[in-house]
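**Student:** only the shape, not the letters, is given here:
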């Protein structure tokens, strides 16, 4: 699955573990389901750690683990389900997470700017994705009307001062 960061394809050095987690854990950077994190002492894992966080959970449940995580994977289970946008923004603004937030699932290139503006840093593209349309979407809009985690200057700040 291609991984997109800042409009560029990059290698994915993380191994995503789903289902039954092997013991001992495989070497290298690993991403585990959130349920697995709640069952173990994360401080016993010495390698780089990421989590697949479910869209139906409150991000506050990540607080005890946030300092130990390097990647948080948020899934869009359906095109009409935008909960991961809100989760990403909360993880950035309220939990002050500075690592990688990765989008997976049913997303389209038209959403790329929204992903970035809400705090996502990478997108796991399906093998069939048109990479050029995703790269183009990175530059489709230059100005923003609403505030975002990027703290960039908005096109019209008057509306927000009223």
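**Tutor:** Everything's here; your move. All values reported here derive from a predicted model rather than from experimental measurement.
**Student:** mind listing the helices for the protein?
**Tutor:** Taking DSSP state H as the criterion, the chain contains helices spanning 34-39, 83-93, 112-118, 131-137, 158-161.
**Student:** mind putting the ones you listed in a markdown table, mean neighbour count and distance to residue 54 included?
**Tutor:** Just so you know, the C-beta spots here come from the backbone N, C-alpha and C atoms, and that holds for glycine as well. Formatted as a markdown table, the helices of the chain follow (neighbours: other Cβ atoms under 10 Å; distance: least, Cβ to Cβ, whole Å):
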| stretch | mean neighbour count | distance to residue 54 |
| --- | --- | --- |
| helix 34-39 | 14 | 6 |
| helix 83-93 | 20 | 9 |
| helix 112-118 | 21 | 17 |
| helix 131-137 | 15 | 25 |
| helix 158-161 | 8 | 33 |
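**Student:** now distance to residue 13 and mean pLDDT too, for those helices, in TSV please.
**Tutor:** Compiled in TSV, the helices of the chain are given as follows (distance: least, Cβ to Cβ, whole Å; pLDDT from 0 to 100):
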stretch	distance to residue 13	mean pLDDT
helix 34-39	20	90
helix 83-93	21	94
helix 112-118	21	86
helix 131-137	19	71
helix 158-161	40	54
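**Student:** residue 10: which of these is closest?
**Tutor:** When the helices of the chain are compared by Cβ to Cβ, helix 131-137 sits nearest residue 10, at 11.6 Å.
**Student:** counting contacts, what elements does that closest one pack onto?
**Tutor:** strand 3-5, helix 112-118 (3 or more Cβ pairs under 8 Å, 6 or more residues apart in numbering; DSSP states H and E).
**Student:** can you redo these as CSV with distance to residue 58?
**Tutor:** Output for these, formatted as CSV (distance: least, Cβ to Cβ, whole Å):
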stretch, distance to residue 58
strand 3-5, 27
helix 112-118, 17
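**Student:** could I get the helices of the chain as a markdown table with distance to residue 2?
**Tutor:** Below are the helices of the chain laid out as a markdown table (distance: least, Cβ to Cβ, whole Å):
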| stretch | distance to residue 2 |
| --- | --- |
| helix 34-39 | 24 |
| helix 83-93 | 19 |
| helix 112-118 | 13 |
| helix 131-137 | 6 |
| helix 158-161 | 37 |
